[in-house]
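Trainee: no sequence on this one, just coordinates:
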């Protein structure tokens with residue numbers, strides 16, 4: 001009997017393993033499988049490396065094709081058998097050059113086959129720990145390694161196996177993917193032993209859906225995997241009936257995945273054997289992701305009369321398989337041709353709906369013990385149709401970049417409403433809604449990007465909220481790091497292309513956010529471009545924590561953000577001199593999206609679209625900006641006027657800066673070369 005479907009609020013990250021094709025027919029099968037499994041949103045797809053490096057060229061060609069023809073993130077298998085260190089290092093550097101961001105590092109089987117004696121190359125890496133260290137030395141990769149819950153056939157004991165795994169992790173491995181197994185109790189016991197040995201990286205269970213039972217048994221014998229008697233009995237009971245074999249294989253794999261999820265495991269690696277049907281059937285049985293048996297809707301279908309609703313009662317939105325691998329390159333290339341447009345104020349558009357407390361609560365939080373009115377981010381869960389209706393208005397106005405409705409979706413900020421535990425879900429939902437809107441209009445001649453919005457939180461790490469105690473702090477760097485990391489995971493899982501740290505008032509907060517981003521990138525094996533936008537709090541020309549624009553840039557430039565800019569509190573006219581300062585100093589894209597003037601006595605914004613467009617148009621004529629848009633008080637009308645004003649203007653040329661010491665306190669400091 002099939003297992004119960006996984007509730008929709010459970011999260012599962014997956015990766016798929018393929019092997020490089022040997023023939024034209026096998027290549028066709030592989031690419032049909034890649035296309036069919038892509039909508040299941042894998043974190044990455046790995047491509048194996050034959051015994052003794054025998055498939056080196058085919059592995060490389062397959063990786064290159066995945067990079068050039070899909071939005072998937074490929075992970076290249078690499079072994080240290082039969083090659084010198086120099087040869088292997090050249091392969092690593094070539095993968096880095098073409099954009100690979102993850103390597104699955106393995107010792108590899110000898111050229112004479114599994115089960116024969118392994119002999120390291122005299123000038124090569126001695127084994128996987130040394131290979132991992134070599135990859136880490138070259139840098140730029142997340143590194144996965146193999147582990148064996150039932151012991152590697154060559155190991156004298158399980159403890160010896162775990163010691164080898166510890167050496168791999170100490171050398172720099174980020175995660176360990178297991179050989180396939182069929183007993184979850186044994187796997188869980190193995191994980192406990194690994195943790196007792198001081199190994200803290202993720203241990204990812206490897207699942208092998210059984211396409212051919214006899215072949216699986218043969219492979220298990222070589223790989224050290226135990227085939228339990230009950231499994232043999234299940235397949236013998238169906239005889240040679242292929243339909244029954246498929247059904248049993250689906251039920252067994254789905255049951256194993258469900259059991260692992262119930263035990264708390266949220267990341268699973270599938271050995272696909274280049275066949276999609278069985279893996280797709282497992283996902284369909286569990287209610288995970290779209291059914292790959294159905295064609296994916298076209299952009300027109302997604303926006304037509306029968307487009308799926310985004311309401312709370314609808315099925316969860318299916319995100320794009322992965323954040324765009326080439327978002328930095330694509331956005332940078334587009335920004336050399338024209339000035340890009342970021343959207344306007346989400347809050348301003350939400351206010352037009354005049355939502356009451358009941359609307360903010362929706363059905364999801366109808367009995368919530370605290371008031372939720374004013375928590376715009378909770379509308380991602382309670383009124384997704386409203387948020388989903390705002391994004392297309394900005395796209396129609398000319399926006400190239402949509403910012404998610406997640407400005408306050410950190411555990412810290414949501415604590416005011418008692419919704420801290422929903423931070424991850426708020427970010428996933430916000431990113432998915434924006435992704436849905438972007439995908440409906442995106443085309444080769446119109447790139448569209450989702451920027452995951454990360455606000456400054458409502459606490460500051462470098463300043464005291466108690467005037468009587470300057471040393472007091474309401475939040476620590478680690479508190480912020482953990483809160484930002486949780487939000488960033490949600491944005492990535494929801495399909496964001498970029499991360500936007502905006503309205504930065506305290507530089508230490510954004511430093512914690514950037515640190516968290518790097519941790520999550522390494523954890524997930526992806527790297528999203530980062531946009532940074534500070535805010536000048538008044539006409540003193542400084543952030544709330546006291547820095548000038550150049551000092552703020554010096555504080556964050558080491559992270560190599562895709563953009564540096566300003567947004568929020570000042571209107572466009574008062575922002576100009578500070579944007580000009582950043583344009584002189586920053587060797588990256590400059591972003592400007594001011595408020596529609598300063599708020600009046602009623603808290604509203606008076607600057608008209610025409611007036612704001614004239615001012616920002618002058619920014620463009622003066623060569624100050626690469627990306628423009630609007631913040632508080634701006635509407636689609638403002639964005640349309642701004643887009644028209646800069647349409648014919650040449651984007652700012654990014655200056656080349658000399659290498660020298662640049663420091664910052666409240667003021668910047670540069671040492672002469």
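Mentor: Received, thanks. Small disclaimer: the values here were computed from a predicted structure and weren't measured. Residues are numbered from 1 along each chain as shown.
Trainee: for the record, mean pLDDT for stretch 549-566?
Mentor: Stretch 549-566 comes out with an average pLDDT of 94.
Trainee: next one: stretch 130-148
Mentor: 94.
Trainee: now the end-to-end length of that stretch.
Mentor: Using C-alpha to C-alpha, to the nearest Å, one end of stretch 130-148 lies 19 Å from the other.
Trainee: tally of neighbours for residue 574?
Mentor: 18 (other C-beta atoms under 10 Å). Yep, even glycine has a C-beta here, placed from its N, CA and C like the rest.
Trainee: is it true that it touches residue 539?
Mentor: Yes - using C-beta atoms under 8 Å, residue 574 is in contact with residue 539, at 6.6 Å.
Trainee: which residues of this structure score low on pLDDT?
Mentor: Applying pLDDT under 70 to the chain flags the ranges 1-11, 50-56, 110-118, 289-326, 601-603, 673.
Trainee: 50 - rerun?
Mentor: For the chain, the stretches with pLDDT under 50 are 1-10, 51-53, 290-325, 673.
Trainee: centroid residue for it?
Mentor: residue 492 (3.0 Å; C-alpha atoms, centre = their mean).
Trainee: SS state for that residue?
Mentor: helix (DSSP: H, G, I helix; E, B strand; the rest coil).
Trainee: count of residues packed around the closest residue to residue 178 other than its chain neighbours?
Mentor: Spatial nearest neighbour of residue 178, excluding adjacent residues (C-beta to C-beta, 6 or more residues apart in numbering): residue 206 at 4.5 Å. A count of nearby residues for residue 206, using other C-beta under 10 Å, gives 22.
Trainee: so residue 206 bridges to which residues?
Mentor: As for beta bridges, residue 206 partners with residue 180, residue 269 under DSSP bridges.
Trainee: surely it and residue 175 touch.
Mentor: No - using C-beta under 8 Å as the test, residue 206 is too far from residue 175 to be in contact (11.6 Å).
Trainee: if I pick the residue nearest to the centre of the chain, what's in contact with it?
Mentor: Neighbouring residues of residue 492 by C-beta atoms under 8 Å, 6 or more residues apart in numbering: 323, 431, 452, 520, 524, 526, 528.
Trainee: next one: residue 397
Mentor: Each residue near residue 397 by C-beta under 8 Å, 6+ apart is listed here: 341, 343-344, 636-637, 639-640, 643.
Trainee: gap between it and residue 349?
Mentor: Distance of residue 397 to residue 349, given as C-beta to C-beta, to the nearest Å: 11 Å.
Trainee: end-to-end on stretch 96-107?
Mentor: 20 Å.
Trainee: mind listing what's buried along it?
Mentor: Neighbour counts over stretch 96-107 (16 or more other C-beta atoms under 10 Å) mark 96, 99-107 as buried.
Trainee: could you identify the most distant pair in those residues?
Mentor: Greatest spacing in these, by C-beta to C-beta: 99 and 107 (25.8 Å).
Trainee: before we move on, back to that, mutual contacts of residue 397 and residue 349, please.
Mentor: In contact with both residue 397 and residue 349: residue 636, using C-beta under 8 Å, 6+ apart.
Trainee: now tell me what touches the helix or strand hosting residue 30 from outside.
Mentor: Secondary structure assignment for residue 30, by DSSP states H and E: helix 24-37. The contact list for helix 24-37, computed with C-beta under 8 Å, 6+ apart, reads 16, 18, 20-21, 45, 62, 66, 70, 72, 272, 274-277, 279-280, 292.
Trainee: how near is residue 340 to residue 592?
Mentor: 11 Å.
Trainee: who has more neighbours, those two?
Mentor: Shown here are residue 340 and residue 592; by other C-beta under 10 Å, residue 592 has more neighbours (28 against 25).
Trainee: show me what residue 15 is bridged to.
Mentor: On the basis of DSSP bridges, residue 15 takes part in beta bridges with residue 44, residue 269.
Trainee: tell me who's in contact with it.
Mentor: For residue 15, the contacting residues are 42-46, 75, 177, 204, 267-270, by C-beta under 8 Å, 6+ apart.
Trainee: excluding chain neighbours, what is closest to residue 421?
Mentor: Closest residue to residue 421 apart from its sequence neighbours, by C-beta to C-beta, 6+ apart: residue 411 at 7.6 Å.
Trainee: identify the residues contacting the one you found.
Mentor: Residue 411 is in contact with 420-421, 423, 482-483, 486-487, counting by C-beta under 8 Å, 6+ apart.
Trainee: closest to residue 472 among those?
Mentor: For these, the nearest to residue 472 is residue 483 (19.2 Å; C-beta to C-beta).
Trainee: who's in contact with residue 480?
Mentor: Shown in contact with residue 480 (C-beta under 8 Å, 6+ apart): 412, 457, 459, 461, 508-509, 512-513, 516.
Trainee: wait, which of those residues is closest to residue 121?
Mentor: residue 516 (40.0 Å).
Trainee: now the closest one: how far from residue 253?
Mentor: Applying C-beta to C-beta, the value for residue 516 to residue 253 is 35 Å.
Trainee: sec struct for residue 502, please.
Mentor: Criterion first, three-state DSSP; result for residue 502: strand.
Trainee: can you give me the distance of it to residue 534?
Mentor: From residue 502 to residue 534 the distance is 9 Å (C-beta to C-beta).
Trainee: of these two, who's got more company?
Mentor: Neighbours around residue 502 and residue 534, counted as other C-beta under 10 Å, are more numerous at residue 534. The numbers are 31 against 26.
Trainee: what sits against that one?
Mentor: Applying C-beta under 8 Å, 6+ apart, the residues contacting residue 534 are 503-505, 510, 543, 549, 552, 565-567.
Trainee: quick one: which of the residues you listed is nearest residue 214?
Mentor: Nearest member of the contacts of residue 534 to residue 214, counting by C-beta to C-beta, is residue 510, at 57.5 Å.
Trainee: what about the closest one, neighbour count?
Mentor: For residue 510, the count of nearby residues is 29 (other C-beta under 10 Å).
Trainee: what strand or helix carries it?
Mentor: Short version, using DSSP H and E: residue 510 is in helix 507-524.
Trainee: got the buried residues for that helix?
Mentor: Burial within helix 507-524, assessed by neighbour count using 16+ other C-beta under 10 Å, is assigned to 507-517, 520-521, 523-524.
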